[in-house]
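In: What shape does this take:
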Amino acid sequence: MSMTLPLVHIYCDGACSPNPGLGGWGSILISPAHGNFRKELSGSEPDTTNNRMELTAALMALRALKTPCRVQLFTDSQYVRNAFEEKWLDKWQRTGWKTSSKQPVQNADLWQALVEQARMHEVSWNWVRGHSGHAENERADALAVAARLALAAQLGS
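Out: As a prediction, this is how the structure comes out:
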């Protein structure tokens, strides 16, 4: 891939309360090439974990891209960022999705889907400190929390 691909900034976050429990995820896609066009996505699951929601936020954002892009993805999840940047995923794939203690990798289904989506793009995985006033991260968090709360209201919990 080349630098001629369009640039997209993605901010994503997950929320779960209790953990495990009701979860929500939120993602924001911003395209500088299109006048900073924004697209906000969110969703929820009734029985999940915070880590699954963090992964889902990144996965759904990448799935929303219609063509290959250069992606600057921002997450407050070290779990998500480090799996790519510290090459945990390379090792997990080589070992048949087993940890160093020979246990199955948690959330392998989402990791595999995320790896597949990421292959279609040039993705830079960036960490941003959560709840530190970063406007887009705060907005992604608000989307995730709102999705979780909407599900809770729908379920009457």
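In: phi, psi of Q103?
Out: Backbone torsions for Q103, taken as degrees, to the nearest 10, come to phi -90, psi 150.
In: Tell me which other helices or strands the biggest helix by length in the chain touches.
Out: Assignment by DSSP state H gives helix 135-155 as the longest helix of the chain. If you count contacts as 3 or more CB pairs under 8 Å, 6 or more residues apart in numbering; DSSP states H and E, helix 135-155 packs onto strand 7-17, strand 21-31, strand 37-48, helix 50-63. In this view, the C-beta of every residue, glycine as well, is placed from N, C-alpha and C.
In: Quick check: beta-bridge partners of S27?
Out: With DSSP bridges as the criterion, S27 is bridged to C12, L41.
In: quick one: it and A140 touch, right?
Out: Yes: applying CB atoms under 8 Å as the test, S27 and A140 come out as touching, 6.3 Å apart.
In: what sits in contact with each of the two?
Out: By CB atoms under 8 Å, 6 or more residues apart in numbering, S27 and A140 have these common neighbours: Y11, C12, D13, A57.
In: What is the nearest of those residues to N126?
Out: Comparing those against N126 with CB to CB places Y11 closest, at 9.6 Å.
In: Nearest residue to that closest one in space, ignoring adjacent ones along the chain?
Out: E136 (4.0 Å; CB to CB, 6 or more residues apart in numbering).
In: which residues touch the one you found?
Out: E136 makes contacts with H9, Y11, I28, I30, F74, as judged by CB under 8 Å, 6+ apart.
In: Tell me which residue is most central in this structure.
Out: In the chain, the centroid-proximal residue (CA atoms, centre = their mean) is A58; its distance is 2.1 Å.
In: Could you report the pLDDT at that one?
Out: With respect to pLDDT, A58 has a value of 98.
In: again with M3
Out: 61.
In: still on that earlier bit, columns neighbour count, distance to P46 and pLDDT on top of the contacts of E136, output as a markdown table?
Out: Below are these laid out as a markdown table (neighbours: other CB atoms under 10 Å; distance: CB to CB, whole Å; pLDDT from 0 to 100):
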| residue | neighbour count | distance to P46 | pLDDT |
| --- | --- | --- | --- |
| H9 | 18 | 30 | 98 |
| Y11 | 28 | 25 | 98 |
| I28 | 23 | 24 | 98 |
| I30 | 17 | 30 | 98 |
| F74 | 22 | 27 | 98 |
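In: For W111, state which of those residues is nearest.
Out: Of these, the one sitting nearest to W111 (CB to CB) turns out to be F74, at 18.9 Å.
In: Thank you, goodbye.
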